[in-house]
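> Got a sequence here, can you model it:
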Amino acid sequence: MELIDLSHVIVPGMPQWPGDRQPLKIHRHSEHGIDSHMSSSIEFGCHVGTHLDGTLHFLAGQPALDKVPVDRFAGLALVIDASEKGQDNQTPEVLTVDLLSGHKLAEVDFVLFHTGWDRHWGTENYYRHWPWLSGELAGVLAASNLKGVGLDTPSLDSFNGSEAHDRCAAAGMVNIENLTGLESLAGLVVHFMAAPLKLYQTEASPVRAVAWR
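Okay, the predicted model is just below:
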């Protein structure tokens with residue numbers, strides 16, 4: 001079985017959502033030696049890197065991630081090729097409902113969109129604008145009994161938008177943002193898992209997202 005890593009490496013100085021107040025830091029407290037071993041600690045915001053948003057992120061009264069059953073984070077995923085929407089570096093593109101044409105959502109748990117935007121990771125373009133879900137597309141996904149939706153972009157919505165998050169959260173869906181490496185899976189249905197840390201009373205967590213055929 002070949003596991004495909006769909007996650008960005010978490011490193012100090014990595015890109016984060018504009019305005020996030022918690023810079024990522026990795027502290028090395030000790031190194032290997034005669035009387036010592038390597039020991040580290042980290043500081044990070046819950047939305048750093050490839051991460052999963054629970055429904056609590058946008059909808060009050062929802063369960064925190066430590067209360068969500070772990071099977072909500074794994075299942076079959078349809079990977080849709082939306083790379084045409086990620087070509088223009090200057091004009092934002094909206095992902096529209098026609099991308100779902102010919103696909104049977106009833107047979108999968110997640111829909112992942114490959115836009116190719118991850119090629120901008122680490123550059124000023126990454127958070128400048130990106131492809132996001134139209135309200136209509138988000139509505140269809142929310143009505144399809146899915147566990148979640150994922151993209152290789154910073155957000156389901158535009159920078160100041162919330163419609164896609166709101167619709168998906170109301171349907172009990174999680175969303176996975178800042179995925180990478182979806183190009184080899186475009187058009188396929190694969191096994192997928194993006195398990196968050198079991199963080200107490202939190203709405204989001206970094207994940208090690210993986211897929212396998």
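> C-alpha from now on. contacts and neighbour counts both.
OK.
> Going along the chain, name the strands of the protein.
Listed in chain order, the strands of the chain (DSSP state E) span 3-5, 25-30, 39-43, 51-53, 74-81, 94-95, 110-114, 132-133, 148-151, 174-177, 189-193, 204-206, 210-212.
> any chance of these in a markdown table, plus mean neighbour count?
Below are the strands of the chain laid out as a markdown table (neighbours: other CA atoms under 10 Å):
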| stretch | mean neighbour count |
| --- | --- |
| strand 3-5 | 14 |
| strand 25-30 | 12 |
| strand 39-43 | 10 |
| strand 51-53 | 28 |
| strand 74-81 | 21 |
| strand 94-95 | 20 |
| strand 110-114 | 27 |
| strand 132-133 | 25 |
| strand 148-151 | 26 |
| strand 174-177 | 26 |
| strand 189-193 | 20 |
| strand 204-206 | 25 |
| strand 210-212 | 19 |
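> closest to E163 out of those strands?
Closest to E163 of the strands of the chain is strand 132-133 (CA to CA; 8.8 Å).
> So which of the strands of the chain is nearest L65?
Of all the strands of the chain, the one in closest proximity to L65, counting by CA to CA, is strand 204-206 (7.0 Å).
> Give the partner strands of the closest one in its sheet and their orientations.
Sheet pairing here is set by DSSP bridges, and for strand 204-206 it gives strand 51-53 (antiparallel).
> need the strands of the chain in JSON lines with mean pLDDT and distance to D66, can you?
As requested, the strands of the chain are exported to JSON lines (pLDDT from 0 to 100; distance: least, CA to CA, whole Å):
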{"stretch": "strand 3-5", "mean pLDDT": "97", "distance to D66": "24"}
{"stretch": "strand 25-30", "mean pLDDT": "88", "distance to D66": "24"}
{"stretch": "strand 39-43", "mean pLDDT": "88", "distance to D66": "19"}
{"stretch": "strand 51-53", "mean pLDDT": "97", "distance to D66": "12"}
{"stretch": "strand 74-81", "mean pLDDT": "98", "distance to D66": "15"}
{"stretch": "strand 94-95", "mean pLDDT": "96", "distance to D66": "31"}
{"stretch": "strand 110-114", "mean pLDDT": "98", "distance to D66": "20"}
{"stretch": "strand 132-133", "mean pLDDT": "96", "distance to D66": "27"}
{"stretch": "strand 148-151", "mean pLDDT": "98", "distance to D66": "17"}
{"stretch": "strand 174-177", "mean pLDDT": "98", "distance to D66": "13"}
{"stretch": "strand 189-193", "mean pLDDT": "98", "distance to D66": "16"}
{"stretch": "strand 204-206", "mean pLDDT": "96", "distance to D66": "10"}
{"stretch": "strand 210-212", "mean pLDDT": "98", "distance to D66": "20"}
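> F159: which of these is closest?
When these are compared by CA to CA, strand 132-133 sits nearest F159, at 9.4 Å.
> helices and strands around the closest one, which ones?
strand 94-95 (3 or more CA pairs under 8 Å, 6 or more residues apart in numbering; DSSP states H and E).
> Can you list the strands that the strand it packs on pairs with?
Here, using DSSP bridges, strand 94-95 pairs with strand 132-133 (parallel).
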